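1. structure, please.
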Amino acid sequence: MRIYRSLEEIAAVPDRARVIAIGTFDGVHLGHRRIIRMAVDAAAELEGIATVVTFDPHPRQVLRPGEAPRILTGLGRKARLLEEIGVHEMAVIPFDLRLAALSPAEFCKELLSEGLGSRQVMVGENFRFGKGGTGGPADLLSLGEEYGFSVTVLRMIEDGGGVVSSTRIRQYVQEGRVEEVANLLGRPYALEGRVVRGAGRGRDLGIPTANVEVGPEVATPALGAYVTRSSVDGEPVLPSVTSVGTNPTFEEHGHVRVETHILDFSRGVYGSTLEAEFLVHLREQIKFNDPAVLVDRIREDVREAAEYFARGGGSVGFMSRR
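-> All right, here's what the predicted structure looks like:
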């Protein structure tokens with residue numbers, strides 16, 4: 001899959017029928033995947049190009065920085081997920097105040113028509129565009145006729161809990177409801193980052209952990225321990241336990257850390273990229289007065305994780321690519 005970081009880059013590509021799925025697509029959840037698959041299928045019928053148009057940074061980081069949401073899916077993981085669906089191109093459009101100030105008509109003319117050469121455009125029914133979000137699906141349908149592209153508007157997917165949305169998923173992640181998150185994403189929620197050196201307490205306690213560097217803009221699950229499956233530098237996955245916590249046994253005001261213990265694994269991983277998929281919430285964070293009691297609790301977490309995988313949970317082998 002080709003990735004473009006500006007309209008100028010994509011404009012240099014030879015003109016072919018381009019079918020666009022446009023949106024922030026944070027999480028690439030089941031609703032997003034439906035829109036994107038529609039674009040892939042339509043492009044195949046036209047013998048054209050399936051293109052996902054997204055924005056970086058998240059529009060709310062520019063328009064309302066204090067209200068910007070935590071990100072569910074970084075650009076690297078988003079690109080991999082889109083490629084698995086069959087997308088040919090991802091156009092990452094820099095979102096800035098100039099783009100935000102375009103009227104709906106200017107947005108369609110400059111971005112969708114002239115910039116991308118859109119033949120068809122796929123959006124969700126909640127898609128907003130143009131200055132102040134004044135443009136909606138009805139406006140897009142009308143402007144598409146004017147600028148030469150057709151528009152398909154897809155209804156949002158619902159389940160027993162309501163609409164499948166990034167906002168709802170973000171809330172579930174923050175509450176530690178990772179099994180419900182997996183149902184809405186169509187795959188487990190994952191965190192990815194470089195393994196950095198920590199205090200070395202896990203090694204000293206006999207349970208070595210990889211300290212995964214996760215940016216403050218990323219949505220992390222609620223503090224606690226989780227059954228996970230982890231991949232180092234894209235290799236086959238292994239069963240693991242991941243702690244999201246502040247190390248309250250040792251620190252009074254620690255910052256949130258993501259630490260993963262891979263079961264039956266002894267290779268050094270400093271400097272590697274580790275991706276952990278969250279499968280089951282084992283427990284909330286606990287402060288222990290005695291480090292020995294903490295070690296016993298972690299060993300119990302590891303035992304529970306091993307039993308989970310022994311029962312066939314979270315089939316280990318390769319990361320799910322659904």
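2. what's stretch 56-75 in contact with?
-> Stretch 56-75 has contacts (CB atoms under 8 Å, 6 or more residues apart in numbering) with 24-28, 81, 92-97, 100, 166-167, 169-170, 173-174, 189, 192, 217-220. (Each C-beta comes from the backbone N, C-alpha and C, glycine too.)
3. next: stretch 7-20.
-> Residues from elsewhere that reach stretch 7-20 (CB under 8 Å, 6+ apart): 2, 4, 39-40, 42-43, 46-53, 89, 91, 93, 111-112, 115-122, 149.
4. what segments of the stretch 51-200 of the chain are strands?
-> Assigned by DSSP state E, counting those that start in this stretch, the stretch 51-200 of the chain shows strands spanning 89-94, 118-124, 150-154, 158-159, 162-163, 189-196.
5. what number of residues lie near the closest residue to Val151 other than its chain neighbours?
-> Using CB to CB, 6 or more residues apart in numbering and skipping residues adjacent in sequence, the residue nearest Val151 is Gly144, 4.3 Å away. Gly144: 19 surrounding residues under other CB atoms under 10 Å.
6. repeat that for Arg197.
-> 8.
7. surely it and Ala210 touch.
-> No: here Arg197 lies out of contact with Ala210, judged by CB atoms under 8 Å, at a distance of 10.1 Å.
8. so in the protein, where's the weakest helix or strand by average pLDDT?
-> Using mean pLDDT, DSSP states H and E, the weakest-scoring helix or strand in the chain turns out to be helix 201-204, at a mean of 65.
9. got the CA positions of the helix or strand just after that helix in PDB?
-> Counting by DSSP states H and E, the next helix or strand C-terminal to helix 201-204 is strand 210-213. Provided in PDB are the C-alpha atoms of strand 210-213 (Å, rounded to 0.1, in the frame of the first residue of the first chain):
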ATOM      1  CA  ALA A 210       9.600  -5.100  28.900                       C
ATOM      2  CA  ASN A 211       8.800  -1.400  29.500                       C
ATOM      3  CA  VAL A 212       6.800  -0.300  26.400                       C
ATOM      4  CA  GLU A 213       7.100   3.400  25.600                       C
END
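10. roughly how far is the helix or strand following strand 210-213 from the heart of the chain?
-> Sequence order places strand 224-232 as the next helix or strand after strand 210-213, per DSSP H and E. With CA atoms, centre = their mean, to the nearest Å as the basis, strand 224-232 stands 16 Å off its chain's centre.
11. for stretch 173-186, same thing?
-> 12 Å.
12. what does stretch 67-79 give?
-> The gap between where stretch 67-79 is centred and where its chain is centred comes out at 5 Å by CA atoms, centre = their mean.
13. same question for stretch 103-122.
-> Averaging C-alpha positions (CA atoms, centre = their mean) puts stretch 103-122 26 Å from its chain's average.
14. just stretch 30-46 next, same as before
-> 19 Å.
15. poorly predicted segments of the stretch 101-250 of the chain, please.
-> The model of the stretch 101-250 of the chain has pLDDT under 70 over residues 199-204.
16. residues in contact with Ala222?
-> Residues near Ala222 by CB under 8 Å, 6+ apart: Val173, Gln174, Glu175, Gly176, Val244, His281, Glu284.
17. the third one: how many residues sit nearby?
-> In this case it means Glu175. By other CB under 10 Å, neighbour count at Glu175 equals 13.
18. how near is it to Pro137?
-> For Glu175, the distance to Pro137 (CB to CB, to the nearest Å) stands at 31 Å.
19. what do you get for the second one?
-> Gln174 sits at a distance of 30 Å from Pro137 (criterion: CB to CB).
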